[in-house]
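Trainee: Attaching a predicted model along with its sequence, questions to come.
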Amino acid sequence: MFDKTLLANKRILVTGGGSGLGASMSRRFAELGAELIICGRRLEQLEQTAAQLRADFGGKVSVARCDIRDAAAVEAMMETIWCDGPLDVLVNNAAATFIAQSEHLSARAADAILAPTLHGAMYCTLEAGRRWIAGHHKGVVLSILSTSTITGRAFTVPSAMAKSGLLAMTKSLAVEWGPRGIRTVAIAPGPFPTTGATGQLRPETRDSGPAAQNPLGRVGKHSELANLASFLISDQAGYINGEMVVQDGGAHLRASGAEDLLQWSDAQWAAQRAARTKT
Ligand SMILES: CCC/C=C/C(=O)SCCNC(=O)CCNC(=O)[C@H](O)C(C)(C)COP(=O)([O-])OP(=O)([O-])OC[C@H]1O[C@@H](n2cnc3c(N)ncnc32)[C@H](O)[C@@H]1OP(=O)([O-])[O-]
Ligand SMILES: NC(=O)C1=CN([C@@H]2O[C@H](COP(=O)(O)OP(=O)(O)OC[C@H]3O[C@@H](n4cnc5c(N)ncnc54)[C@H](OP(=O)(O)O)[C@@H]3O)[C@@H](O)[C@H]2O)C=CC1
């Protein structure tokens, strides 16, 4: 659907690019000619994904082991990246969440979600943005958000708060950094099955499937999200700034996606907490 050179000469950092939707986006970006850097905490996972991309598309793919909760580590990663030249695109994809009754969230539990999802993405954005501005280089920040930014979402409140904060960042920086040649854009995905999302959000005891709840009767395909992301970061989308594009089959127009959990009994929630304690 795109010219095979859509992203040629683009140097792109994808946080959490070793697995899940980050890996699927990275795959499409590589196919469209981009040079990639993928970061995450699990080096082996990153190396495996990078090796596959190199084998399939032959382009340059590097890995950076980085926990984005650590501001100093993010700064060091950006320094290393910029040694070889500026980035053109940052994709804020890495995030964390889990389902929990909010009254049972400890401060550490809330921070476990806010730290990577909100703070980590902001550290990455600031480190890239200040370098783009200093070097008079154009840039794009694409953040992967959620429809919880529109509906709110029960039982994943820290995630909904973090994603809403990043939407505010996207809109605010569009105005502040637009004149410096930096675009900020976002995608709000609906349900796209990944090991991370399924493991954190859909325990076997949760019976209501997202496909059945969706107006289109299905979950999203990774290729659909990867194509939208490719367009938004490309020069073809050069006049889109400060926007979040929803890609959920219309699901949020019907429900926030947590309504089934309102039916859970305290005993079910206790079992959910106990299952977490055992792992
Ligand atoms: C909503 C749709 C949009 C978003 C979708 C996605 O993001 S999909 C992507 C989804 N992908 C991912 O999420 C992938 C990334 N996920 C991760 O890196 C990890 O799973 C983590 C950071 C979420 C938790 O790391 P960890 O287990 O090493 O954490 P830790 O040992 O450091 O504990 C810190 C505190 O948190 C507490 N706590 C932890 N889990 C639970 C729970 N299930 N239940 C309750 N509480 C929990 C734990 O008890 C502790 O508090 P305490 O007891 O000390 O007061
Ligand atoms: N899948 C879905 O249905 C939906 C997903 N989203 C959003 O899409 C994005 C991708 O989700 P998905 O692919 O499902 O999630 P996954 O859990 O599959 O992937 C998360 C990625 O983030 C990385 N990561 C997590 N914490 C850190 C950290 N502290 N530092 C660096 N990297 C980190 C992980 O790598 P590692 O563990 O090696 O660090 C992993 O590669 C997220 O922003 C999510 O909120 C939004 C709505 C729905």
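Mentor: Noted; the coordinates are in hand. Numbering: from 1, shown residues only. Ligands and ions are numbered 1, 2, ... in the order given.

Trainee: can you pull the contacts of the residue in the stretch 151-279 of the chain that ligand 2 sits nearest to?
Mentor: The stretch 151-279 of the chain approaches ligand 2 most closely through Gly196 (1.7 Å), counting by CB to the nearest ligand atom. From N, CA and C alone the C-beta is placed, and that goes for glycine too. By CB atoms under 8 Å, 6 or more residues apart in numbering, Gly196 lies in contact with Ser19, Gly20.

Trainee: host element of it?
Mentor: helix 195-201 (DSSP states H and E).

Trainee: Now find how far off-centre that helix is within its chain.
Mentor: Centre-to-centre, helix 195-201 and its host chain are 14 Å apart (CA atoms, centre = their mean, to the nearest Å).

Trainee: who in the stretch 101-250 of the chain is up against ligand 2?
Mentor: Pro116, Gly120, Ile144, Ser146, Pro189, Pro191, Phe192, Thr194, Thr195, Gly196, Ala197 (CB under 6 Å from any ligand atom).

Trainee: In ChimeraX, how would I select the buried members of the residues you listed?
Mentor: In ChimeraX, this line selects whichever of those come out buried by 16 or more other CB atoms under 10 Å:
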select :116,120,144,146,189,191,192,194,196,197
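
Trainee: Pull the most distant pair out of the residues of the stretch 101-250 of the chain next to ligand 2.
Mentor: Using CB to CB, those span at most 22.9 Å, a distance reached by Gly120 and Pro191.

Trainee: before we move on, the earlier item: pLDDT of the helix holding Gly196, averaged?
Mentor: Mean pLDDT, helix 195-201: 94.

Trainee: Tell me which helix or strand comes right after it.
Mentor: helix 210-213.

Trainee: Buried by neighbour count: which residues of that next one qualify?
Mentor: Pro210, Gln213.

Trainee: Just list what it packs against, helices and strands only.
Mentor: Where contact means 3 or more CB pairs under 8 Å, 6 or more residues apart in numbering; DSSP states H and E, helix 210-213 is packed against helix 251-254.

Trainee: Need the CA coordinates for the helix it packs on. CSV is fine.
Mentor: C-alpha atoms of helix 251-254 as CSV (Å, rounded to 0.1, in the frame of the first residue of the first chain):
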residue,chain,number,x,y,z
ALA,A,251,-15.0,-0.1,20.3
HIS,A,252,-14.7,2.9,22.6
LEU,A,253,-18.0,4.3,21.1
ARG,A,254,-19.7,1.4,22.6
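
Trainee: So is that helix next to ligand 2?
Mentor: No. Helix 251-254 lies out of reach of ligand 2 by CB under 6 Å from any ligand atom, never closer than 10.2 Å.

Trainee: Off-centre distance for that helix?
Mentor: Worked out by CA atoms, centre = their mean, helix 251-254 lies 20 Å from the chain centre.

Trainee: which other helices and strands contact it?
Mentor: Counting by 3+ CB pairs under 8 Å, 6+ apart, helix 251-254 packs on helix 210-213.

Trainee: The closest residue to Asp260 other than its chain neighbours and Thr97, how far apart?
Mentor: Nearest non-adjacent residue to Asp260, counting by CB to CB, 6 or more residues apart in numbering: Ser208, 3.7 Å away. In this structure, Ser208 and Thr97 are 18 Å apart, going by CB to CB, to the nearest Å.

Trainee: Now for Ser164: which residues touch it?
Mentor: Ser148, Thr149.
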